[in-house]
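# Predicted model, plus sequence, below.
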Amino acid sequence: MFDGFDALLLARIQFAFTVSFHFIFPAFSIGLASYLAVLEGLWLKTNDSTYLDLFKYWRKIFAIAFAMGVVSGIVMSYQFGTNWSVFSDKTGPVIGPLMAYEVLTAFFLEAGFLGVMLFGMDKVGRKLHFTATLMVAIGTFISAFWILSVNSWMQTPTGHLIAENGQFVPGESWLAIIFNPSFPYRLVHTVMAAYLTTAFVVGAVGAFHLLRNRADHRARRMFSMAMWMAALVAPLQIFAGDMHGLNTLEHQPAKVMAMEGHYQSHPDGAPLILFGIPNSKEQRIDYAIEIPKASSLILKHDLNAPLKGLDTLPEDKRPPVGMVFWSFRVMVGIGFAMLGIGLFSLLARVRGKLYDWPWLHRAAMVMGPSGFVAVIAGWVTTEVGRQPYTVYGLLTTADSVSPLAAPAVGASLVAFIVTYFIMFGAGTAYILKLMSKPATGHEEAAASGPLRSAGITPAAADSTQRGLSGTMMEEGA
């Protein structure tokens, strides 16, 4: 069944599959944890029960997404030992402690306060519960901090020494390893991507319920908050992405060459290729739609600045152009679409039509899953663009894989695919079911409970309760 594949390719496919599934859950839970903290903080400050209703609504969804993120993340750690044992052996002295810091700080912080946040609202004081929510939100950020530090070190390795046995070992300062050249840019870009991912999910849910009931004040509140995030953060994300791209050009020029589709060097200014079909065999972009010299302007701030192409690199040191070229354009295209929705919402807000423009609501619904697509596309750009290395310029992917036979890796890959689609498909379906229901307050929740099923309305129940109380008082007198 796997005769046409080698163990290296199957191991790469397996890790790509599992990490793609995993990545969408932290991308959602990081932003959602902060959103929950904002909702609870606004409730405590204003005593507006709408914020509390939204907090309880999204708390259920967060719990499921967080759980699926933890489960899918555990699987990846095992693959370092099974499929990538050579990589683990050589880089373990550097990345092992960083991964341990993530567990000792972020995971313990999240685990310690998650139960209080999910189940303790009626058991602890308001301030303590809000503290627990804040700790969970901070924990998700700290987790991103350490994981992205590890990934960034693999992209731009600094602060290490190479021992005689080929292992990467820490140098004089851990700070040089943690705060490697690409880490600040990657951290800002990824965390803002998580916030935008959450914002567009919240906005899509709010828009869905506004299309059903334009007077739903809870849907209005969540939609308004989401659109503010889109309008304010999307342009910042585009700017951060540009800074990240300039950093990548400095430290990983081959990746930028693949992103831009520059097979050939351009000594007098490189064009910005908007679209086209990469043709690696002929070393060109077929049917290219381009803007002359615009790439040099963006990357070097000079129309005539020379830019090197992939022709300056040996063929075995070049990343796959087709996948990187298109994943980069998907990410950038979605980023500008997010900006467009943000500007559209600002226009609607200025005209007092934020809750009355169905086309805005439909567009927000279409953009609901866009953040997930963008973060996966960004991850593909980052990781495939690093090839053929796992530690950029120092350790190749071919030298990192475990000595396994292709059938063994292929069998586990099939098992992962079947299991993931069943388990995470069911979890995602349940999340969508929860999102399809409108956020309710205490009165509506009571009305949908046993009294409503018995045919008793809240007003009738309240009248009955007052009558019983009066009778008991009279009998007591």
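Nice, I can see it.
# Next one: Gly449, what pLDDT does it get?
If you check Gly449, the pLDDT there is 45.
# what's the answer for Met473, then?
Reported pLDDT for Met473: 32.
# Using neighbour counts, pick out the buried residues of stretch 397-415.
Buried positions in stretch 397-415, judged by neighbour count with 16 or more other CB atoms under 10 Å: 397, 399-402, 404, 406, 409-410, 412-413. Using the backbone N, CA and C atoms, a C-beta is placed for each residue, glycine as well.
# Now those in JSON lines, please, with extra columns for distance to Tyr101, pLDDT and secondary structure.
Formatted as JSON lines, those follow (distance: CB to CB, whole Å; pLDDT from 0 to 100; DSSP: H, G, I helix; E, B strand; the rest coil):
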{"residue": "Thr397", "distance to Tyr101": "25", "pLDDT": "92", "secondary structure": "coil"}
{"residue": "Asp399", "distance to Tyr101": "27", "pLDDT": "91", "secondary structure": "coil"}
{"residue": "Ser400", "distance to Tyr101": "23", "pLDDT": "90", "secondary structure": "coil"}
{"residue": "Val401", "distance to Tyr101": "26", "pLDDT": "89", "secondary structure": "coil"}
{"residue": "Ser402", "distance to Tyr101": "25", "pLDDT": "88", "secondary structure": "coil"}
{"residue": "Leu404", "distance to Tyr101": "30", "pLDDT": "83", "secondary structure": "coil"}
{"residue": "Ala406", "distance to Tyr101": "35", "pLDDT": "85", "secondary structure": "helix"}
{"residue": "Val409", "distance to Tyr101": "30", "pLDDT": "85", "secondary structure": "helix"}
{"residue": "Gly410", "distance to Tyr101": "34", "pLDDT": "85", "secondary structure": "helix"}
{"residue": "Ser412", "distance to Tyr101": "29", "pLDDT": "85", "secondary structure": "helix"}
{"residue": "Leu413", "distance to Tyr101": "30", "pLDDT": "86", "secondary structure": "helix"}
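# which among those gets closest to Val201?
Distance to Val201, by CB to CB, is smallest for Leu413 among those, at 29.2 Å.
# all strands of the stretch 151-300 of the chain, in order?
160-162, 168-170, 272-279, 284-291 (DSSP state E, counting those that start in this stretch).
# Ala137: which of those strands is closest?
Nearest of the strands of the stretch 151-300 of the chain (CB to CB): strand 168-170, 30.6 Å.
# So for the closest one, what gets flagged as buried?
The neighbour-count check on strand 168-170 (16+ other CB under 10 Å) flags Phe168 as buried.
# So for that strand, mean pLDDT?
The average of the pLDDT scores along strand 168-170 is 92.
# and that strand, what does it pack onto?
helix 85-101, strand 160-162 (3 or more CB pairs under 8 Å, 6 or more residues apart in numbering; DSSP states H and E).
# mind redoing it with 10 Å?
Counting contacts by 3 or more CB pairs under 10 Å, 6 or more residues apart in numbering; DSSP states H and E, strand 168-170 packs against helix 85-101, strand 160-162, helix 174-178.
# how far is that strand from where the chain is centred?
Averaging C-alpha positions (CA atoms, centre = their mean, to the nearest Å) puts strand 168-170 30 Å from its chain's average.
# so Lys300 touches Leu246, yeah?
Yes: assessed by CB atoms under 10 Å, Lys300 is found in contact with Leu246 at 9.1 Å.
# TSV for the buried residues of stretch 397-415, including distance to Ala204?
Shown next, in TSV, are these (distance: CB to CB, whole Å):
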residue	distance to Ala204
Thr397	37
Asp399	44
Ser400	39
Val401	40
Ser402	41
Leu404	42
Ala406	41
Val409	37
Gly410	37
Ser412	35
Leu413	32
